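Engineer: quick one: sequence and predicted model below, then my questions.
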Amino acid sequence: MRRMIPRQARPILLAIPLLLGLWACAPLSTPSPTATVPPPTATSTSIPPTITPTPTATPLGCLTQPGRVEQGVIETSTGAQEYLIYLPPCYAEQTALRYPVLYLLHGQTFTDDQWVRMGAVRVADELILSGESPPFIIVFPDDRSWNLKAGPSFGNRLIQDLIPYIDETYRTRDDRVHRAMGGLSRGGGWTVELGLTHWEMFGALGLHSPAVAKEDAPYLSRWVSAIPSESLPRIWLDIGDRDTGLSSARRFEDILTYYSVPHEWHQYAGDHTENYWGAHVEEYLRWYTQGWLVEGQTPVPEAE
């Protein structure tokens, strides 16, 4: 079931035409590569973006090669924060380009490779190499704090340490329009809390079977209503019809509707497992990238 709630009333593929030059210039150093093994194919019923990049004058060989995944860790005042990062095709060759960035948060009892195993990197390569998406970076933060004693939160490390580090170290576009965050299960719950309370940092929020913490429930209306109408992020909310969290997801969707927050609500067949999320990974990534292609948000060249 899918419906769009308006405000107020309210896809390596064929050699491709791709204009990486649509993105702005600002050279930085590039980390060393590591290999990634593609997971199984995911399915999608999403509508492709309506804007496709124009051909480059001199196609690069890297445009037929996949991107790469690297592993990193930073030390923060509250401990080490590990992460995986996907760098798109031609990232090393096109050193004068900056990219939109997507943060994907994993579920409880899993680690930062969950989205990679489910096919997010393979899908990103396919969308970029086919010209259906602008090239973009994906960061997979590791949240192992679910099995640790209570202490400083993963959310604080993500907002205060990891995101600033990623923007300083990699060639990201660091404005909210070109930064999105999404998560599944516990990661979806983090996206609700961090995305709504730090709305000035994210232009899009993807909530995939979100596990909204009980202690957060009383604050949802306050968080939503506090966001200026002109700064509301794009929101996607989906969940399986056999998911035990369906009722809480519906209540959150009711809040979005009540406050006339534009969002997409999807109730699919499925439960709270990787089988469910893996079947929709391509659809998810298409939705995130479409936000960087719509009129008025397409990146434009910047002066060096």
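Structural biologist: Done, it's in. Numbering: from 1, shown residues only.

Engineer: let me see the contact set for Tyr288.
Structural biologist: Taking CB atoms under 8 Å, 6 or more residues apart in numbering as the criterion, Tyr288 is in contact with Leu102, Ala180, Gly182, Ala204, Gly206. In short, each C-beta sits where N, CA and C put it, glycine included.

Engineer: if we use 6 Å, what do you get?
Structural biologist: Contacts of Tyr288 were listed using CB atoms under 6 Å, 6 or more residues apart in numbering, and they are Leu102, Ala180.

Engineer: what distance do you get for it to Ala120?
Structural biologist: In this view, Tyr288 and Ala120 are 10 Å apart by CB to CB, to the nearest Å.

Engineer: now swap in Pro134 and tell me
Structural biologist: In this structure, Pro134 lies at 16 Å from Ala120, with CB to CB as the measure.

Engineer: what pairs with Gly182 across the strands?
Structural biologist: Assessed by DSSP bridges, Gly182 has beta-bridge partners Leu104, Gly206.

Engineer: my bad, Gly79
Structural biologist: On the basis of DSSP bridges, Gly79 takes part in beta bridges with Thr76.

Engineer: need the pLDDT of Tyr99.
Structural biologist: Per-residue confidence (pLDDT) for Tyr99: 97.

Engineer: and Thr78, by the same measure?
Structural biologist: In the predicted model, Thr78 carries a pLDDT score of 85.

Engineer: count of neighbours near it?
Structural biologist: Thr78 has 15 neighbours, counted by other CB atoms under 10 Å.

Engineer: again with Arg251
Structural biologist: For Arg251, the number of neighbouring residues by other CB under 10 Å comes to 12.

Engineer: one more: the one 5 residues further on?
Structural biologist: Using other CB under 10 Å, the number of residues around Leu256 comes to 20.

Engineer: so what's Pro100 up against?
Structural biologist: Taking CB under 6 Å, 6+ apart as the definition, contacts of Pro100 comprise Phe136, Arg173, His178, Trp292.

Engineer: same question, Ala80
Structural biologist: Val73.

Engineer: switch the cut-off to 10 Å
Structural biologist: With contacts defined as CB atoms under 10 Å, 6 or more residues apart in numbering, Ala80 is in contact with Val73, Ile74, Asp142, Arg144, Arg157.

Engineer: against Leu104, how distant is it?
Structural biologist: 20 Å.

Engineer: likewise for His263?
Structural biologist: Here His263 is placed at a distance of 19 Å from Leu104 (CB to CB).

Engineer: who has more neighbours out of these two?
Structural biologist: Neighbours per residue, other CB under 10 Å: of His263 and Leu104, the larger number sits with Leu104, 29 against 23.

Engineer: in contact with the more buried one, which residues?
Structural biologist: With contact set as CB under 10 Å, 6+ apart, Leu104 has these partners: 84, 86, 112, 114-116, 118, 120, 138-141, 180-184, 187, 191, 206, 208, 281, 284-285, 288.
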